[in-house]
Structures are given as structure tokens and as C-alpha cells.
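Asks: pasting the sequence and the predicted coordinates here, then a few questions.
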Amino acid sequence: MFVDGRFRASSGDDRIDVSFPYDGTVWATVPDGTAADVDTAVGVARAAFESDAWGDAKPSDRRVILNQIADTIDANTRELAELETLQNGKLLREMEQQMEALGEWYRYYGRICEEVESGRTIPVDKKDGQMFNYVRHEPYGVVGAITAWNSPLLLTAWKFAPALAAGNTVVQKPSEETPVSALRFAELVYEHTDLPPGVYNVVPGYGHTGAALTAHPDVDKLAFTGSTAVGREVAKTAGENLTKVSLELGGKSPNVIFPDADLNDAVNGVMKGIFAATGQTCMAGSRVLVHEDVHEEVVARLTEKASDIKLGDPRDPETEMGPVAFRGQWETVHEYVQSGLAEGATITVGGEMPADQPGECFIQPTVFVDVENDMTVAREEIFGPVASVISFEDEAAALDIANDTEFGLAAAIWTRDMDRANRFVETVQAGTVWVNEYRLIAPNSPFGGYKASGLGRENGREGLEEYYQTKSVWYNHAGEVGDPFVLDAE
Ligand code: NDP
């Protein structure tokens, strides 16, 4: 575990194996953090929050540290990218790109934490203008951050950078599948920056470690990325403790193609949406809605492109799709493929484990057609390379189908008709909408879900606001208190 600025042993003896999903090689073990470990880390984070070293740090001091973290990432992109790939099997070239961009999240929050207008005065109409009212933005205190395995350090940045910018301290529980990069990242941060000890702590472990962090009474704010099912559990516990919580959850995002679209771009957008990262992205465009006039053509092109995807070792620059991240995830994807077939959908390509790849985590890129929106493969998040193609007859039907889901993380439309695009943007229930694009994010653009895809936002100014609470301060310059039995609320 990494607690109080250094590695330390867990209070328990159990360990977690970390394996490379390409061939199943176990290459690291980490402790399975106990409730006592979580308690220690939260205590350390509380002490750091109350320390002069961190408590007195001004926004400009925090900016300097956030920039130092960004520089540290920039100097170690290759190593961090390799760790990510070895944990979750995502393409090394994608992970390298992600690590090259990662520093920008820290720089962005370093910049904007100095622009937060604590001290904004409110012209309250009281006592002939003799009341002085202003707002202060204050950090919550200790943030419990729980992250998923698909983009471990990116999801860490979405929480850690704004939490730090706002002056909080953090205890992170990374996924059991991908704990190593967070631990190494913490070590690098403490080797190369002036971050005071105890401000960032990492306690690896299974779900029970996350549950202990969620339930800890001295955690002031929870930030969770993961499945909707576990997110509900986290929200329940947070509700009991009245802990502020933000949730980034799953999706079943519609990627909608109209006949007037550039079909080449649109099909590439579908590929980007569902086969990049082996389909293991929260924003996967897993429901491909295609107008009936171009359905046949889109399916033919998509099937051809999907069958040409080069599977292989994610470290090989020629590889286009690696394995899923672990065997349990392979089984989940496989079960969904079987359910699609059992419920009457048809596979045009894929659906099997390829015979020519090592390990037990590869699944072919898969396209389902004859899908109805009430089938399991259209309703539940598969989190794998499985596209469910649904045909629609007109714009109204496309919108109905797009919104007929419990999720609302992302959506895309492919059309040259900007009036149609605007109607879609206004009507679709999703936290992110792309027009003639898919799977783009940026540090300064808010990201998060409608409906069961989450609560709150990460990234952008909204992402920083999640880590502040607001205090309204009233100074009486009039000298008169007034009628003590009447609330002056006019
Ligand atoms: P899980 O919900 O299984 O796990 C997420 C994290 O929660 C892990 O660290 C996990 O630990 C931990 N956890 C498990 N049980 C509990 C519990 N009872 N209390 C507290 N924490 C717990 O999700 P996955 O890791 O499988 O990630 C995939 C999911 O994440 C997908 O649904 C995906 O859509 C979503 N996601 C959402 C994003 C977004 O921004 N909206 C971005 C990326 C992913 P452990 O790993 O040990 O089980």
C-alpha cells in the first residue's frame, strides 16, 4: 500500500495476483487491503488535511504541485503506459497516447483552481445595504476515490486532480485488476513533487476494501467510477452516512446513423465506438441505430471492417485489438453473446474465441443484427467488443429507441443535416453528445451521465465544483439585529 508518502505493509496477509491478460502471466502481487488498512489511510489523510503543510497551501501552491505531477507523468509516460497494458491488456499505443495526454488534466486543474472566485460578494438587499455577504469555497476534507480497471490512471486523474486543486486529501482504492499503476504513480509523485505526505494514499484490495472506504465515517466525499450495480451500493451507503457522492457509471450509448451521413466516416465512428479498447469503455457506442435505407450497406461495411481487425499482443504496434482484461470479463461477454443468439439476434461476424491467440481472454469483434431494443444485448452493458445493430424507420423512431434505456452516458449522430443534429442534441438524454464523431474527451469538457449512468460530473469546471462546498458568510455593518422573532427572508 502507499500511505503517508511511502510504501507500507498491509495489516493482513492476503494478496492479489496481477496478470497480463494477453497470456495469463502473473507478474505482480499486491496486498488485499483490510478495513484496518483503510482506517489507517483515512486517518493519515485526515491528519494531512489538517496539517499546515497542506491546509495552508494557497491555490498557487497547489498549482505548482499539480504542474510538478504533470511533469512527472510526462517524464515517465512509457513506463506508466507499459504498466497499464500489462494490467488490462489495452493497446500499448493507446496507453502511450493516454499517458502523453494525462498531464494536461493536472495542468488544467492547476490553472483553474486559481480562478475559483472565493470571496464573490452578493448584493443582498438587507438593512439598507449594511450587510456584507460573500461566499467561500472550501474543500470537503478526505475524499475516498474508487476506480475501475479500464483506464486506471485516467480515471485516477479525473478524481485526484480536481480533489487536489480544491485542497482535499485522497485515499484511492484502485480496481483489483489494475492496482499496480496507481501504486507506482503514487511513488513517482512522492519522488518528484512537493506534495506533502498523506495527501494522496493508495490502498489496493478487492470490493470489500472499496466497501470499507465507502462506509468509513471520516470520509467526507466519495468519487466512484464503476458499474451501475456497485454504484447503487456506494450511493446507498453514502446516503446512510450523508456523504457527498459522485458516480461515473455504465452506459449503453446509441450511435445513430442517418442515410445522409458520410457512411465511411459513420462506419469508422462505429468501429471507434465499440471495438477500440476491446469495447471496454464506459462510453462505448454499443447500440448502433441505423436507418433502414442504409442498414444493409452499413452492416456490410461494418462486418467487413470488423473481420479485418488484427488481434494480437497489445504491445505490438500492428495490433488493433487486444484481449479483454481478465477471464471473468471474457465469461461475461461470452454469456451476453449466447443470450443474443438465444433471444433471436443474428451474428454477422465474430462471437467466438479466436483459435490463433494465446491465453483465455480473446474474443472476436462481434456484430449482432436483427436486434430489438428490448433484447438483453440492447439493454445491458456488455463491456466488450459486441455491437448490437438496430434498424429504425424515421427520426422519431430513432430518438425513441435512443432514449429507451436506463442509461444516459453518451450518444452520437451521423448526419449532414444540422437541423436534425440539433433536434437530436436537444432531445437525447445523455451527458455527452457527439455530432459526426465518437469517443472524444478533454480535461476542460464536463463528462458524466444522465439517468443510471451517474451523478455529478468529472472534468471541466463542473468537475472541480464536485470537490468544493460553499459557505455563505454574512457581516452585519448596520449594528442592529432587528426583531428576534421574525426571519428576515424577504
Ligand atoms: P465495478 O463496479 O465492478 O468496480 C469498480 C470499483 O469498485 C473497483 O475498484 C471495485 O473493486 C470496487 N468495488 C467493488 N465492489 C465494491 C463495493 N461493494 N463497494 C465499493 N467499491 C466496490 O466496475 P469495473 O471495475 O468492472 O469497471 C467497469 C465499469 O465501470 C463499467 O460499468 C463501466 O461502464 C464503468 N466505467 C464508467 C466510466 C465513466 O466515466 N462513466 C469510466 C470507466 C468505466 P474490485 O475491482 O476489486 O471489484
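Replies: Alright, I've got the coordinates. Residues are numbered from 1 along each chain as shown.
Asks: so residue 144: helix, strand or coil?
Replies: strand (DSSP: H, G, I helix; E, B strand; the rest coil).
Asks: is it true that it touches residue 212?
Replies: No: Residue 144 lies out of contact with residue 212 (CB atoms under 8 Å); the separation is 9.5 Å. From N, CA and C alone the C-beta is placed, and that goes for glycine too.
Asks: more neighbours: those two, which one.
Replies: Neighbour count, other CB atoms under 10 Å: between residue 144 and residue 212, residue 144 has more, with 31 against 22.
Asks: residues contacting the more buried one?
Replies: 42, 170-171, 173, 213-214, 216, 219, 221-223 (CB atoms under 8 Å, 6 or more residues apart in numbering).
Asks: over to residue 62?
Replies: 110, 113, 164-165, 167.
Asks: and with 10 Å instead?
Replies: 54, 109-110, 113-114, 164-167, 195, 199 (CB atoms under 10 Å, 6 or more residues apart in numbering).
Asks: what do residue 144 and residue 212 both touch?
Replies: If you check residue 144 and residue 212 against CB under 10 Å, 6+ apart, the residues they both contact are 38, 42, 173, 203, 219.
Asks: spatially nearest residue to the last one, not counting backbone neighbours?
Replies: With CB to CB, 6 or more residues apart in numbering as the measure, residue 144 is the residue that lies nearest to residue 219, at 4.2 Å, once sequence neighbours are left out.
Asks: try the first one
Replies: When the adjacent residues along the chain are set aside, residue 38 lies closest to residue 212, with 4.3 Å between them (CB to CB, 6+ apart).
Asks: please apply the same query to the fourth one.
Replies: Using CB to CB, 6+ apart and skipping residues adjacent in sequence, the residue nearest residue 203 is residue 33, 4.0 Å away.
Asks: show me what contacts the one you found?
Replies: 1, 3, 10-12, 14, 16, 40-41, 171, 173, 179, 202-206, 208-210, 212-213 are the contacts of residue 33 under CB under 10 Å, 6+ apart.
Asks: near the ligand, which of the residues you listed show up?
Replies: 173, 206, 210 (CB under 6 Å from any ligand atom).
Asks: and which of those residues is nearest to the ligand?
Replies: residue 210 (2.3 Å; CB to the nearest ligand atom).
Asks: got the contact list for the closest one?
Replies: 33, 38, 144-147, 173-176, 203, 222, 224, 226, 230, 233-234.
Asks: sitting in strands, which of those do you find?
Replies: Taking DSSP state E as the definition of strands, those contribute 144-146, 173, 222, 224.
Asks: pick out the most distant pair among those residues.
Replies: 173 and 222 (10.5 Å; CB to CB).
Asks: which residues do those two both contact?
Replies: 144-146, 210, 213-214.
Asks: tell me the neighbouring strands of the helix or strand bottoming out on mean pLDDT in the chain, and mark each as parallel or antiparallel.
Replies: When the helices and strands of the chain are scored by mean pLDDT, DSSP states H and E, strand 121-122 comes last with a mean of 88. Take DSSP bridges as the rule and strand 121-122 pairs in its sheet with strand 131-139 (antiparallel).
Asks: how much does the strand it pairs with deviate in direction from strand 221-225?
Replies: 50 degrees (axes from the mean of the first three to the mean of the last three CA atoms, to 10 degrees).
Asks: avg pLDDT for the helix or strand containing residue 109?
Replies: Assigned by DSSP states H and E, residue 109 belongs to helix 92-112. Mean pLDDT, helix 92-112: 97.
Asks: again, but for stretch 32-46
Replies: Mean predicted lDDT for stretch 32-46 stands at 98.
Asks: over to stretch 215-225?
Replies: Stretch 215-225 comes out at a mean pLDDT of 98.
Asks: residue 127 - how many residues pack around it?
Replies: 15.
Asks: what's the closest non-adjacent residue to it?
Replies: Per CB to CB, 6+ apart, closest to residue 127 is residue 478, 4.0 Å.
Asks: contact partners for the one you found?
Replies: Applying CB under 10 Å, 6+ apart, the residues near residue 478 are 126-131.
Asks: now with 7 Å?
Replies: By CB atoms under 7 Å, 6 or more residues apart in numbering, the contact set of residue 478 is 127-128, 130-131.
Asks: want to throw those into JSON lines with secondary structure?
Replies: Formatted as JSON lines, these follow (three-state DSSP):
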{"residue": "127", "secondary structure": "helix"}
{"residue": "128", "secondary structure": "helix"}
{"residue": "130", "secondary structure": "coil"}
{"residue": "131", "secondary structure": "strand"}
